[in-house]
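1. need coordinates for the below:
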Amino acid sequence: MIEDIRICFVGDSFVQGVGDPEYRGWIGRVLEATGEGMTAFNLGLRRDTSEDVLQRWRREALPRFLPGADNRLVVSFGSNDMVEEGGAVRVEAARCVRNLELLLDGCRDRGVTPFVVGPPPVADAGDAHLRRTVALADAMEGACRERYVPFVATTSELAADPVWTGEALAGDGAHPGGGGYGRLAALVLAGQWHEWIRQPLRDS
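-> Predicted coordinates:
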């Protein structure tokens, strides 16, 4: 049994855990609840879109992996893609989904086991942004299903969660505090996380 589990978490400010006064975000809470020995790296970066993550994940994650280890990648992006700037979204939904597909295919080619967390909602971004993000999340889930990659839906669930939205609106309008990140962590833990952690390393 391979005991050296290495997990890189890559994505945007929600991955980074911006807004949490405890500096744990959802990742720290998920790892705390997992109860497994592992080495984890938070590679979240504020304002990153799927384009940004696709460009940087190899150079940031691959050096943190080891040959013969159980190397894994948790991916979460999309909220920033759906932000409208200058009359257009930052990254079109079809392009965002394609970026996810390329990233997942890259994981497969390098023997890295992926897990995808859907884009959380931005509380003060308006109904149009929420509709775009919900539709994007559905398409991302389809891409994951085709590749047998676990996907955790978060957009609609957190948009209807008074803790997430209340903390975000009391803060910068987008990022919750510890309670909201706890709600996101609970979704991840209920969404095949433990099964994914326990699954054996596949031969590359």
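2. can we go C-alpha only for contacts and neighbour counts from here?
-> Fine.
3. centre of the chain to the one helix or strand in the chain whose mean pLDDT sits lowest, how far?
-> Within the chain, judged by mean pLDDT, DSSP states H and E, the helix or strand with the poorest mean is helix 194-198; its value is a mean of 93. Relative to its parent chain, helix 194-198 has a centroid offset of 16 Å by C-alpha atoms, centre = their mean, to the nearest Å.
4. tell me which residues are up against that helix.
-> Contacts with helix 194-198, where a contact means C-alpha atoms under 8 Å, 6 or more residues apart in numbering, come from 34, 115, 150.
5. now do stretch 33-51
-> Counting by C-alpha under 8 Å, 6+ apart, stretch 33-51 makes contact with 3-17, 27, 60, 77-81, 90-91, 96, 99-100, 194, all of which sit outside it.
6. quick one, what contacts the residue lying closest to Met82 once chain neighbours are set aside?
-> With C-alpha to C-alpha, 6 or more residues apart in numbering as the criterion, Met82 has its nearest non-adjacent residue at 5.3 Å, and that residue is Val89. For Val89, the contact set (C-alpha under 8 Å, 6+ apart) comprises 81-83.
7. distance of Val89 from Asp127?
-> Taking C-alpha to C-alpha, to the nearest Å as the criterion, Val89 is separated from Asp127 by 14 Å.
8. what bridges to the residue nearest the centre of the chain?
-> Nearest residue to the geometric centre of the chain (C-alpha atoms, centre = their mean): Ser76, 2.0 Å. The bridge-partner assignment for Ser76, based on DSSP bridges, gives Gly11.
9. mind checking pLDDT for it?
-> Confidence per residue is given as pLDDT, and for Ser76 that number is 98.
10. report the buried residues of stretch 126-145.
-> Neighbour-count burial for stretch 126-145, counted by 16 or more other C-alpha atoms under 10 Å, picks out 129-130, 132-134, 136-137, 139-141, 143-144.
11. now stretch 20-33
-> 20, 24-31.
12. tell me where this protein has strands.
-> Secondary structure of the chain (DSSP state E): strands at 5-11, 39-44, 70-76, 84-85, 88-89, 113-117, 151-152.
13. how about these in CSV, adding distance to Gly178?
-> Compiled in CSV, these are given as follows (distance: least, C-alpha to C-alpha, whole Å):
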stretch, distance to Gly178
strand 5-11, 18
strand 39-44, 17
strand 70-76, 18
strand 84-85, 27
strand 88-89, 29
strand 113-117, 18
strand 151-152, 20
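14. helices or strands up against the longest helix belonging to the chain?
-> Assignment by DSSP state H gives helix 127-146 as the longest helix of the chain. The criterion is 3 or more C-alpha pairs under 8 Å, 6 or more residues apart in numbering; DSSP states H and E, and the helices and strands that helix 127-146 contacts are helix 93-109, strand 151-152, helix 155-159.
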